[in-house]
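S.K.: Fold the following for me, if possible:
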Amino acid sequence: MEEMFIQTEDQRAILDSVRRFVEDEVTPRAADLDAAGDKDPVAGYSTEIVEAADRLGLRTMTLSEELGGMGVDSLTTAMVVEELGRGDLGISVVLAQTLKIAAIMEKSYNEDQKQRFLVPFVEDPQAILSICITEPENASNYIIPYNTTLNTKAEKVDGGWIANGMKHFISNSNQSRFFMVFMQTDPTKPMSDGVSCFALERGHPGFTVGRVHEKMGEKLANNSELFFTDCFIPDENLIGEAHVGFKTLGEFFPSSNSYAAASILGVAVACYEKSLDWAQTRIQGGKPLIEHDGIRAQVAEMKMLIDASRSYIHRAAWLADHQEEGWDLTLGALPKVMASQAAWKIATWMMEIHGGHGYMKESGVPKLVRDAAAFLHSDGVNRTLLLRAANFMEW
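M.R.: Take a look at the predicted model:
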């Protein structure tokens, strides 16, 4: 499907390269990696794909040219993330998370932190990144946010902080080399005013990876638990000021929701294309399915939902970088809701269009349906994000 709002030849060239990357590196491996992930949740991850992304410059593209990146903006990145999601949702998540966090690191880290964390990230072709907020008892709590605290706490001591607690559902975390970890540092205040963010590297004493979660879909990305046991974090690893971690996140990366929306929109596009191909080749009632009015109208509705979602994503991504032109805070919550709802509708329609074939693994339909379900919850449960947006609106 033709992208909308492509503004420059550079964007066209980047997207052409990403399409070739998906065709050469992702599509040939995706089904086998997904099947491997059924047996072992770790086995769906592919270091080879990450290294191929690095060779293309894709892994670091959101960083400035001075740091070895391409300096791409949020709109271009959202377009790239959609193309990756069209090939496989898990690969899109692995790279979208890394692209997002790398940009946050460059904007929010001081020079010493950039040298200790960002430069080694750029130099390591296998390095990916994680941002760590969600806990077993805290997920939607921090999105609203409610007047509660994180259970992962860091207590101030001489020269640093002692951290204890756990995170779970953290994207990339069993594979990541570098982490941004949010912890409650002022227990007397709610999350909005009492949470700090720390930079950590894999293998830091007292910081360990727990089990890798067995997910329904999105198997080419790993999510896992993280444990902090009397983990000493030196003061120089504190990102920004103490107790204002969430404000720092909102200030330095307003386009996060757009990237999540673009990932799941890529799945919607894959479902649409599979539906269209099947409808043009499957004969039913003596003619191709596409010649039946009900099917043809349904395919048109799929296209409508995709185009509308893409327009919303592109608007939000562009305004995130040009907030003076009309940014409003609901754009940091609603594009993912819209795109994930559209993807889920399109995925179920795809399965119906395929009839009995759509229930068979070899058709590729079940994988797309499982992936399409992921972002009804991932990056914020939709109902929670709607409530968050409502809280930003003037009544």
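S.K.: got a list of what the closest residue to residue 224 other than its chain neighbours touches?
M.R.: If the residues on either side of it in the chain are set aside, residue 224 comes closest to residue 174, at 4.0 Å by CB to CB, 6 or more residues apart in numbering. In short, each C-beta sits where N, CA and C put it, glycine included. Shown in contact with residue 174 (CB atoms under 8 Å, 6 or more residues apart in numbering): 42, 209, 212, 222, 224.
S.K.: three-state assignment of residue 174?
M.R.: Three-state call for residue 174 (DSSP: H, G, I helix; E, B strand; the rest coil): coil.
S.K.: Backbone dihedrals for it, please?
M.R.: phi -80, psi -10 (degrees, to the nearest 10).
S.K.: and what of the one 4 residues further on?
M.R.: The phi and psi values for residue 178, taken as degrees, to the nearest 10, are phi -130, psi 150.
S.K.: State the number of residues packed around it.
M.R.: A count of neighbours around residue 178, defined by other CB atoms under 10 Å, yields 22.
S.K.: Verify the contact between it and residue 199 for me.
M.R.: Yes: with contact defined as CB atoms under 8 Å, residue 178 reaches residue 199; the gap is 7.1 Å.
S.K.: Pull up the overlap in contacts between these two.
M.R.: With CB under 8 Å, 6+ apart, residue 178 and residue 199 have common neighbours 105, 117.
S.K.: Quick one: the strands in the stretch 51-200 of the chain, in order.
M.R.: Using DSSP state E, counting those that start in this stretch, the strands of the stretch 51-200 of the chain run over 129-132, 153-157, 160-171, 178-184, 195-201.
S.K.: Would you convert those strands into a markdown table that also reports mean pLDDT and distance to residue 275?
M.R.: Converted to a markdown table, these look like this (pLDDT from 0 to 100; distance: least, CB to CB, whole Å):
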| stretch | mean pLDDT | distance to residue 275 |
| --- | --- | --- |
| strand 129-132 | 98 | 34 |
| strand 153-157 | 98 | 49 |
| strand 160-171 | 98 | 28 |
| strand 178-184 | 97 | 39 |
| strand 195-201 | 97 | 42 |
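S.K.: Mind putting these into CSV with distance to residue 247?
M.R.: What follows is those, written out as CSV (distance: least, CB to CB, whole Å):
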stretch, distance to residue 247
strand 129-132, 15
strand 153-157, 17
strand 160-171, 19
strand 178-184, 12
strand 195-201, 9
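S.K.: what's the closest of the ones you listed to residue 23?
M.R.: Closest to residue 23 of the strands of the stretch 51-200 of the chain, according to CB to CB: strand 160-171, at 24.5 Å.
S.K.: from the contacts of residue 174, which is closest to residue 168?
M.R.: Distances from residue 168 to these, taken by CB to CB, are shortest for residue 224, at 7.5 Å.
S.K.: quick one: that closest one is in a strand?
M.R.: Yes: counting by three-state DSSP, residue 224 is located in a strand.
S.K.: Would you mind listing which of the contacts of residue 174 are buried?
M.R.: 209, 212, 222, 224 (16 or more other CB atoms under 10 Å).
S.K.: Using TSV, lay out these together with pLDDT and distance to residue 304.
M.R.: Converted to TSV, the buried ones among the contacts of residue 174 look like this (pLDDT from 0 to 100; distance: CB to CB, whole Å):
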residue	pLDDT	distance to residue 304
209	98	43
212	98	38
222	98	35
224	98	38
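S.K.: Now those residues in a markdown table, please, with extra columns for distance to residue 268.
M.R.: Listed next are these as a markdown table, based on distance: CB to CB, whole Å:
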| residue | distance to residue 268 |
| --- | --- |
| 209 | 32 |
| 212 | 27 |
| 222 | 23 |
| 224 | 27 |
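S.K.: Give me the spatial nearest neighbour of residue 99, chain neighbours excluded.
M.R.: residue 62 (4.6 Å).
S.K.: The lowest-mean-pLDDT helix or strand in the chain to strand 178-184, inter-axis angle?
M.R.: When each helix and strand of the chain is scored by mean pLDDT, DSSP states H and E, helix 245-252 comes last, with a mean of 81. Interaxial angle, helix 245-252 versus strand 178-184 (axes from the mean of the first three to the mean of the last three CA atoms, to 10 degrees): 130 degrees.
S.K.: Packing partners of the helix or strand following helix 245-252?
M.R.: Note on helix 245-252: by DSSP states H and E, the next helix or strand toward the C-terminus is helix 256-281. Using 3 or more CB pairs under 8 Å, 6 or more residues apart in numbering; DSSP states H and E as the contact test, the elements touching helix 256-281 are helix 74-87, helix 89-108, strand 287-288, helix 293-321, helix 334-353, helix 365-373.
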